[in-house]
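1. Sequence and computational prediction follow.
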Amino acid sequence: MAELARLSLNLATTRVKWGALDAIEGCARAGVRWLAPWRDQLAAAGLENCVRAIRDAGLGVSSLCRGGMFPAPDRAGREAAIEDNRRAVDEAAALGARALVLVAGGLPAGSKDLAGARAMVADGIAALLPYARAGGVALALEPLHPMYAADRACINTLAQALDLCEALGPGLGVAVDVYHVWWDPDLDAGIARAGRDRLAGFHVSDWLVPTRDLLLDRGMMGDGVIELARIREKMDAAGYDGPIEVEIFSAENWWQRPPDEVVAVVKERFETCV
Ligand code: ZN
């Protein structure tokens, strides 16, 4: 089973009832040593306030969510996306985050050119990488389930993400989120291929049957069908020994509950199911 010391609370899990500062206090209160904030949460609470609170609480930042969203209909839009990603790199550096998570982005409005969108992602990351390297911020490209290919991310498998890592070089790794990759027959091969150097993040939740909403109905670990412990063992075997983020978008269930209660369940399920 996973050690509790590796647990990181991705602040998507408590985003409805907790702002960033509430979540920092909540993690400290619960003995959770890592967290992963979202950029909008930091902006609302003030980045400097969050940096100070995280440092005072002695917490670590497993990742900053998120950069990416590179495709756009025109050159100005693509350049604006890269510039916004540079600001995200700055924020990740201020937080001392282990990585900046990148979600690729989907098809530009009005486009059906999936290959073209994928090329825009490669170009966007290539343009961002030198800035991230200079800032000492690792980039973690997160493949998303193919159901999001049109509107969120046209990078959909670990193999696809790793091809980009190999093409673009050091400083770019992958975030393995079980919700997005659990179904992939090549998952184990992808984790092994990534290896310690390119495994830059690990996110857990569970896949509910039935799933009632494609975005906001993720399950708590143990409530669905993902072989969490088996995948975690593969990550361990490949050399990943970093924090493990619990990231649960759950509009109808977990987002409705008191966050302290959610964190207590997260801790218990982390120890028994991951
Ligand atoms: Zn994730």
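-> Yep, that arrived. It should be emphasised that the depicted structure is a prediction, and the values quoted were computed from it without experimental measurement.

2. what residues does the stretch 101-250 of the chain put near the ion?
-> 177, 203, 247 (C-beta under 5 Å from the ion). Placement of C-beta: from N, CA and C, glycine included.

3. Going through those, which ones are buried?
-> 177, 203, 247 (16 or more other C-beta atoms under 10 Å).

4. Tell me the spatial nearest neighbour of the residue in the stretch 51-200 of the chain positioned nearest to the ion, not counting adjacent residues.
-> Nearest to the ion, among the residues of the stretch 51-200 of the chain, is Asp177, at 3.5 Å (C-beta to the ion). Of all residues not flanking Asp177 in the chain, His203 sits nearest, at 3.8 Å (C-beta to C-beta, 6 or more residues apart in numbering).

5. chain center to the helix or strand hosting the one you found: distance?
-> Secondary structure from DSSP states H and E places His203 in strand 199-204. Here strand 199-204 is found 7 Å from its chain centre; the criterion is C-alpha atoms, centre = their mean, to the nearest Å.

6. buried sites along it?
-> For strand 199-204, the neighbour count (16+ other C-beta under 10 Å) marks 199-204 as buried.

7. just to revisit the earlier point, separation between the residue of the stretch 51-200 of the chain closest to the ion and Ala44?
-> 24 Å (C-beta to C-beta, to the nearest Å).

8. partner residues bridging the spatially most central residue of the chain?
-> Nearest to the mean C-alpha position of the chain, by C-alpha atoms, centre = their mean, lies Val101 at 5.1 Å. When bridges are called by DSSP bridges, Val101 pairs up with Ala140.

9. gap between it and Gly116?
-> 24 Å.

10. returning to that earlier point: report the beta-bridge partners for the residue nearest to Asp177.
-> Beta-bridge partners, per DSSP bridges, of His203: Asp177, Glu245.
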